[in-house]
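Peer 1: Output the structure for:
(2 chains)
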Amino acid sequence: MKYMLLIYNNPEQQPAYGSPEFESMMAGFFAANEKMKSDGVLVDGESLNEPHTATSVRIKAGKTETMDGPFAETREYLGGYYVVDVPDKESAIKYAEMIPSATFGTIEVRAMMDYDPAG
Amino acid sequence: MSTTTPIAINKAIEHVLRNDRGRLIAGLVARLGDLQVAEDALQEASISAMSHWGRSGLPNSPTGWLMKVALNKGIDRARAVQRDRKKADQFMVISASHYETIDEEPIPDDRLRLIFACCHPLLEEKSRIGLTLRTVCHLTTKEIAAAFLDKEQTLGQRISRAKDKLREADIEFEIPDQISWPARLDSVLSTIYLIFTTGYVNEDDSERDLCAEAIFLLRLLDRLRPDDPEIEGALALVLLTDARSIARIGNDGATVPPAEQNRTLWDMHKVEEAREILSQAVLRGRPGPYQIKAAIADCHMMGIAPDWKQISLLYGSLWAHEPTPVVALNWAIAIAEIGQPEVALTKVEALETDLKTFQPFYAAYAAILSQLGQFDKAKKMYEMAIQLSQNSANRNFLEKKLQKLG
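Peer 2: Here you go, the predicted structure:
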């Protein structure tokens, strides 16, 4: 079963460069990645550029409208994700706990839909 | 920087390591003298890269950066370890002098000595395979364990014991001298060849193709030590075998022997390359078992049918190098093919004690018996072979043969 671990963070909450917390966050990401890889569960993982670089696309009355940035009011943004292939949600949560952002943001664990009409 | 930039940096580091990990480890081992220390140092350097590259972007030469930082970390770590050990002073001199001479570019390729250490005759066969795949090819222990039907934990312990053994025996990470070269090379080539054959008979399509890893290792050896006819022979052998890999199992899921394969499925680029490498090797005038085996593989793929006469002669010369029961068995098969099944039968019957758990023995025995019209005994032998078969393609092939006997 594949799960997407969506990483929501508020950039203001993240540790500052050079601080011991920053070093341990970086080491924590490395360790999480190593663990997911050596367990053979890591399918994918990407960082996203900051929200202000985003463009929102909508079609209104047949016309494409684009706008800068997302509309969300919230201070936490989607910053990146991992996809892990694990037996159950419990295991997915274990890997989510390893992501350092969990200490100053939120990791959303979502099962990916496996749609197979053949059953 | 966004809060999740570490994932991107991590990817960049992984990319560098995917291409250069073997070279980095080899270079570190050559200077630090210990595989475990080298691996730990590279790990520490990678974590350090997470912070530094996150701050200032990728360095000019990421590989050079990792080498330099890992070397610093390794020397620190080695000093700590050395406190408990005797050779401390001697070691410091070596590592310090090496350290002075290291430039950012180019990093010397020390993988040859690493391969020779991983395949040291002191280590058991399985340990050699595990250590080589882990250290030089960068497979995870999980991937290696899956390919060799081992438990991950068992394999991890095996690899770490092998590292300890290299350390305790004071194995130098050096290219063997001329006197020990043939024996040491033989150990390297047999390890790589086993990696190849394991990949070739594996039925599940695992993510890492062991055949491709073995070809990579042999190409690397050939590049680092050009002009060695046995390395060339081994490379030609695996390329010829690999060229037939799509044709080796028929639509009915049964193994197809080379003589009956659909030749249009063969990868002729690989065949041509192998033939070129082999003829170059033969011109060097130093024959050896891998060159002969490659020549035999080539004879199987000649013209419209295998050249059994030539194959039988080649097994005769292989016998001079490798007087093993398996070579004797294959020789007997060739003799049966050139119309002397009685001679072949005598040869095969003499091998029964040595090969009584070897599936190809029963398959060959059965084929020769049926050629001589001894169908009842042939059936029994096919049944034995089927029992000993470890993959379904071979089992299907043998069952077809058995059914033909009625």
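Peer 1: residue in the stretch 251-400 of chain B nearest to chain A?
Peer 2: Of the stretch 251-400 of chain B, the residue with the smallest distance to chain A, taken as CB to the nearest CB, is B:Gly253 at 22.5 Å. Placement of C-beta: from N, CA and C, glycine included.
Peer 1: So what's the residue count around that residue?
Peer 2: Residue crowding around B:Gly253 was assessed by other CB atoms under 10 Å in any protein chain shown; the count is 12.
Peer 1: Quick check: which element contains it?
Peer 2: B:Gly253 is part of no helix or strand, with elements assigned from DSSP states H and E.
Peer 1: in which helix or strand would I find the residue nearest to it when sequence neighbours are not counted?
Peer 2: By the measure of CB to CB, 6 or more residues apart in numbering or on different chains, the closest residue to B:Gly253 outside its immediate chain neighbours is B:Asn396, 5.1 Å from it. Under the assignment given by DSSP H and E, the secondary-structure element containing B:Asn396 is helix B:392-404.
Peer 1: and that helix, C-alpha only, in PDB?
Peer 2: Presented in PDB, the C-alpha positions along helix B:392-404 are these (Å, rounded to 0.1, in the frame of the first residue of the first chain):
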ATOM      1  CA  SER B 392      10.500 -23.400 -12.900                       C
ATOM      2  CA  ALA B 393      11.900 -22.800 -16.400                       C
ATOM      3  CA  ASN B 394      14.400 -25.600 -16.000                       C
ATOM      4  CA  ARG B 395      11.700 -27.800 -14.500                       C
ATOM      5  CA  ASN B 396       9.400 -27.200 -17.400                       C
ATOM      6  CA  PHE B 397      12.200 -28.000 -19.900                       C
ATOM      7  CA  LEU B 398      12.900 -31.300 -18.100                       C
ATOM      8  CA  GLU B 399       9.200 -32.200 -17.900                       C
ATOM      9  CA  LYS B 400       8.900 -31.700 -21.700                       C
ATOM     10  CA  LYS B 401      11.900 -34.000 -22.200                       C
ATOM     11  CA  LEU B 402      10.400 -36.600 -19.900                       C
ATOM     12  CA  GLN B 403       7.000 -36.500 -21.700                       C
ATOM     13  CA  LYS B 404       8.700 -37.100 -25.000                       C
END
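Peer 1: what helices or strands is it leaning on?
Peer 2: Applying 3 or more CB pairs under 8 Å, 6 or more residues apart in numbering or on different chains; DSSP states H and E, one finds that helix B:392-404 makes contact with helix B:359-371, helix B:375-388.
Peer 1: how about those helices in a markdown table, adding mean neighbour count and distance to B:Ala30?
Peer 2: Rendered in a markdown table, the data for these read as follows (neighbours: other CB atoms under 10 Å in any protein chain shown; distance: least, CB to CB, whole Å):
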| stretch | mean neighbour count | distance to B:Ala30 |
| --- | --- | --- |
| helix B:359-371 | 22 | 41 |
| helix B:375-388 | 17 | 44 |
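Peer 1: Could you export these to JSON lines, including columns for distance to A:Ala111 and mean pLDDT?
Peer 2: Compiled in JSON lines, the helices and strands packed on helix B:392-404 are given as follows (distance: least, CB to CB, whole Å; pLDDT from 0 to 100):
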{"stretch": "helix B:359-371", "distance to A:Ala111": "45", "mean pLDDT": "94"}
{"stretch": "helix B:375-388", "distance to A:Ala111": "44", "mean pLDDT": "94"}
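Peer 1: For chain A, give the residue positioned nearest to chain B.
Peer 2: Counting by CB to the nearest CB, chain A gets nearest chain B through A:Gly80, at 3.1 Å.
Peer 1: Could I get the buried residue list for the longest helix anywhere in chain A?
Peer 2: If each helix of chain A is counted by residues according to DSSP state H, the longest one is helix A:20-38. Neighbour-count burial for helix A:20-38 flags A:22-23, A:25-34, A:36 (criterion: 16 or more other CB atoms under 10 Å in any protein chain shown).
Peer 1: what does it contact?
Peer 2: Under the criterion CB atoms under 8 Å, 6 or more residues apart in numbering or on different chains, residues A:14-16, A:42, A:45, A:82, A:84, A:95, A:98-100, B:6-7, B:9-10, B:13-14, B:46-47, B:50-51, B:54, B:140-142 lie in contact with helix A:20-38.
Peer 1: Any of these buried? List them.
Peer 2: Buried subset of the contacts of helix A:20-38 (neighbour count, 16+ other CB under 10 Å): A:14-15, A:42, A:45, A:82, A:84, A:95, A:98-100, B:6-7, B:9-10, B:13-14, B:46-47, B:50-51, B:54, B:140-142.
Peer 1: Quick check: strands, which of these are part of them?
Peer 2: Judged by DSSP state E, the subset of those located in strands is A:Leu42, A:Gly45, A:Tyr82, A:Val84.
Peer 1: could these go into TSV alongside distance to chain B and pLDDT?
Peer 2: Listed next are these as TSV, based on distance: CB to the nearest CB, whole Å; pLDDT from 0 to 100:
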residue	distance to chain B	pLDDT
A:Leu42	10	95
A:Gly45	5	94
A:Tyr82	7	96
A:Val84	13	97
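Peer 1: can you tell me which two in these are farthest apart?
Peer 2: Greatest spacing in these, by CB to CB: A:Gly45 and A:Val84 (8.8 Å).
Peer 1: Can you tell me which residue sits nearest the middle of chain B?
Peer 2: For chain B, the residue sitting closest to the mean C-alpha position, by CA atoms, centre = their mean, is B:Ile192 at 1.7 Å.
Peer 1: so what's that residue scoring on pLDDT?
Peer 2: According to the per-residue confidence, B:Ile192 scores 95 in pLDDT.
Peer 1: is it true that it touches B:Leu218?
Peer 2: Yes - applying CB atoms under 8 Å, one finds B:Ile192 in contact with B:Leu218, separated by 5.9 Å.
Peer 1: got any residues that touch both of the two?
Peer 2: B:Ala234.
Peer 1: so who does the residue nearest to the centre of chain B touch?
Peer 2: Shown here is B:Ile192, whose contacts under the criterion CB under 8 Å, 6+ apart are B:Cys119, B:Thr132, B:Ala214, B:Leu217, B:Leu218, B:Leu221, B:Ala234.
Peer 1: In helices, which of those fall?
Peer 2: Cross-referencing those against helices under DSSP H gives B:Thr132, B:Ala214, B:Leu217, B:Leu218, B:Leu221, B:Ala234.
Peer 1: Output those in CSV, with pLDDT and distance to chain A appended to each entry.
Peer 2: CSV is the format used below for these (pLDDT from 0 to 100; distance: CB to the nearest CB, whole Å):
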residue, pLDDT, distance to chain A
B:Thr132, 93, 18
B:Ala214, 94, 22
B:Leu217, 93, 22
B:Leu218, 96, 27
B:Leu221, 94, 28
B:Ala234, 98, 31
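Peer 1: ok, now how distant is B:Ile215 from B:Asp222?
Peer 2: In this structure, B:Ile215 lies at 10 Å from B:Asp222, with CB to CB, to the nearest Å as the measure.
Peer 1: Many thanks, have a good one.
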